[in-house]
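In: dropping a prediction and its sequence here:
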Amino acid sequence: MIELQNNQLTFRFPEVHKNAICQIDFQRTLRIPDDNREYPLPPGLGRFPVEHVDDFADSLPDSWQEHGGVFIPMYQSEALWINFSGDYPCAVKIAAGKINAVSGKTWSNGLSNDPQDYAVIPEQPWLDGFNVSEDFIRQFIAMPLGEGFTAEEQITGKAEHGGLQIIVYPMKHEVYVELCREQAKRPAIDDLDIQFCVCESAVPDMGLAPGGLMRQEIYEDEYGIDAWDRDHGYRCFIHLANSEQYQAITGHRPPHKPPTASDYTSAGLPWFDYYDDGKALPGSDTLSRLTSVAAKIIEKGKGVLPDNDPVQPKIVKIVGKGNLVRDGEF
């Protein structure tokens, strides 16, 4: 089952194991400069509000009602990152406009290991964008459908789906039990215990386009594809509503626009970096050929992307598995 609580999606698999729970939320963040320089991880600025599609069915497009799921408000050219939490190992597939954000392939149920098209939770604490090369992603940026910016349109030539698509598969019961048994035999190190885990448009539709270049690894599956219970998966369609339309749909005011990267950095606030010894996946050849938002605007002869000045982060905090928190209000 999937539940929406406190603007967070909770995927529960009680039929597999009582501990089989994965939580996913969507974090507001700075849009890093889209200038082909690499940047560290920007901060989380709190969760996006998440709404049930069924609660506002009369105000939404028919296609949204068919997909069901939830929706979040985003301003044009606003960025997001996807936050994962939970101790029970899960395999999570993420797509934007039904283009897999890890492999660049078109959407399919199930999992593939050639190439790997999913992230492994909790080893993968978050995902900030499209997997364009080993150790690097291009940031998820909201853009209107139909103008050629989104990954979906650049790869398929169509503005059909938009939004985000997520499917979660838990680890098989017997694999988890054996994993816990093996873990229990090891001496405690750094508080690791038997629980395993550190285990703007006239319509609301928007999609995700590639933005600035950020250093981030997407980790290789150390358990192997046969560890995942592909008979018990749940999927959810996350629609992206234009923030200008969000209030008309829901009656709620959208969140204020996030600060620019320049304003944030000038205020002396920290950026982040994350180090781990996991083996990173190679980038997707398909995703590496995408044109970023800033470049696409120039290509279209529409000037330049606003608020895209380069910045020099002066404070970069290192985070690791012991303190995987980088969200908060300021």
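Out: In hand now; what should we look at?
In: rest of the way, CA atoms for contacts and neighbours
Out: Will do.
In: show me the helices in the stretch 151-300 of the chain, by range?
Out: Taking DSSP state H, counting those that start in this stretch, the helices of the stretch 151-300 of the chain run over residues 151-156, 173-185, 243-250, 261-266, 285-288, 293-299.
In: so which of those comes closest to residue 103?
Out: Nearest of the helices of the stretch 151-300 of the chain to residue 103, taken as CA to CA: helix 285-288 at 7.6 Å.
In: identify the residues contacting the closest residue to residue 228 other than its chain neighbours.
Out: For residue 228, ignoring the flanking residues on the chain, the nearest one in space by CA to CA, 6 or more residues apart in numbering is residue 171 at 4.4 Å. Neighbouring residues of residue 171 by CA atoms under 8 Å, 6 or more residues apart in numbering: 20, 88-91, 227-229.
In: filter the residues you listed down to just the ones in strands.
Out: Residues of these located in strands (DSSP state E): 90-91.
In: farthest-separated two in the contacts of residue 171?
Out: 20 and 227 (13.6 Å).
In: strands along the stretch 51-200 of the chain, start to end?
Out: Secondary structure of the stretch 51-200 of the chain by DSSP state E, counting those that start in this stretch: the strands cover 51-52, 70-74, 79-85, 90-96, 99-100, 119-121, 126-127, 129-133, 136-144, 164-170.
In: save the ones you listed as JSON lines, and put in mean neighbour count too.
Out: JSON lines is the format used below for those (neighbours: other CA atoms under 10 Å):
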{"stretch": "strand 51-52", "mean neighbour count": "16"}
{"stretch": "strand 70-74", "mean neighbour count": "24"}
{"stretch": "strand 79-85", "mean neighbour count": "22"}
{"stretch": "strand 90-96", "mean neighbour count": "26"}
{"stretch": "strand 99-100", "mean neighbour count": "26"}
{"stretch": "strand 119-121", "mean neighbour count": "25"}
{"stretch": "strand 126-127", "mean neighbour count": "22"}
{"stretch": "strand 129-133", "mean neighbour count": "27"}
{"stretch": "strand 136-144", "mean neighbour count": "27"}
{"stretch": "strand 164-170", "mean neighbour count": "24"}
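In: can I get those in TSV with mean pLDDT and distance to residue 40?
Out: Shown next, in TSV, are the strands of the stretch 51-200 of the chain (pLDDT from 0 to 100; distance: least, CA to CA, whole Å):
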stretch	mean pLDDT	distance to residue 40
strand 51-52	94	30
strand 70-74	96	22
strand 79-85	96	13
strand 90-96	98	22
strand 99-100	98	23
strand 119-121	96	20
strand 126-127	95	13
strand 129-133	96	13
strand 136-144	96	10
strand 164-170	97	24
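In: nearest to residue 43 among the ones you listed would be which one?
Out: Of all the strands of the stretch 51-200 of the chain, strand 79-85 sits nearest to residue 43, with 9.6 Å by CA to CA.
In: ok, now which ones touch residue 29?
Out: 42-46, 78-81, 258.
In: from these, pick the one nearest residue 71.
Out: Set against residue 71, the nearest of the contacts of residue 29 by CA to CA is residue 80 (13.6 Å).
In: hmm, that closest one is touching residue 41, no?
Out: No. If you go by CA atoms under 8 Å, residue 80 and residue 41 don't touch, sitting 11.6 Å apart.
In: before we move on, the earlier item: just name the most buried of the helices of the stretch 151-300 of the chain.
Out: The highest average neighbour count among these, using mean count of other CA atoms under 10 Å, belongs to helix 151-156 at a mean of 21.
In: sweet, I'm off.
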